[in-house]
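> Predicted model and sequence follow; I will ask about them next.
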Amino acid sequence: MKVALTIIMCSLLKVECLPPYTFATTYDDYYDCLGAGYQKSLEKTQEIGRIIINKELVYFRFSCTQVPGTDA
């Protein structure tokens, strides 16, 4: 089974989210995908920076979904 990671960046201040972004890289299982989701969310948080995160009340949501046709 292959699992795809999709991340969505949202703003509590604006009460909206950007369109979801699904990474081209797939993972062998949900465990690896979850780890990547937390890691990529942290990297993006650090990239955006404290000032914008606090000003716009930015947060991230992510999901891991099985890629169709990749049953093991």
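Received it, and whenever you're ready, just let me know what you need.
> From now on I want contacts and neighbour counts done on CA atoms only, so please keep to that.
Fine.
> How much space separates residue 26 from residue 67?
Residue 26 sits 8 Å away from residue 67, going by CA to CA, to the nearest Å.
> Overlap in contacts, the two.
Residues touching both residue 26 and residue 67 by CA atoms under 8 Å, 6 or more residues apart in numbering: 2-4.
> Any chance of JSON lines for those residues, columns distance to residue 38 and neighbour count?
What follows is these, written out as JSON lines (distance: CA to CA, whole Å; neighbours: other CA atoms under 10 Å):
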{"residue": "2", "distance to residue 38": "18", "neighbour count": "19"}
{"residue": "3", "distance to residue 38": "15", "neighbour count": "22"}
{"residue": "4", "distance to residue 38": "14", "neighbour count": "21"}
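> can you tell me which of those residues are in helices?
Applying DSSP state H to these, no entry is found in helices.
> and the closest residue to residue 16 other than its chain neighbours, how many residues sit next to it?
Distance criterion CA to CA, 6 or more residues apart in numbering; nearest residue to residue 16, sequence neighbours excluded, is residue 10 at 5.7 Å. Neighbourhood size, residue 10 [other CA atoms under 10 Å]: 19.
> do you know how far residue 10 is from residue 43?
Counting by CA to CA, the gap from residue 10 to residue 43 is 15 Å.
> Low-confidence regions, this protein specifically.
72 (pLDDT under 70).
> Name the single longest helix found in it.
helix 30-48.
> Pull out the buried positions in that one.
Using 16 or more other CA atoms under 10 Å as the test for burial, helix 30-48 gives 30, 33-34, 36-37, 40-41, 45.
> give me phi/psi at the one residue sitting closest to the centre of the chain?
Centroid-nearest residue in the chain, with CA atoms, centre = their mean: residue 7, separated by 2.5 Å. When quoted as degrees, to the nearest 10, the phi and psi of residue 7 stand at phi -120, psi 140.
> what residues are up against the closest residue to residue 71 other than its chain neighbours?
Sequence neighbours aside, residue 1 is the residue nearest to residue 71 in space, at 4.6 Å (criterion: CA to CA, 6+ apart). Listed by CA under 8 Å, 6+ apart, the contact set of residue 1 reads 28-29, 66-67, 70-72.
> Thanks a lot, see you next time.
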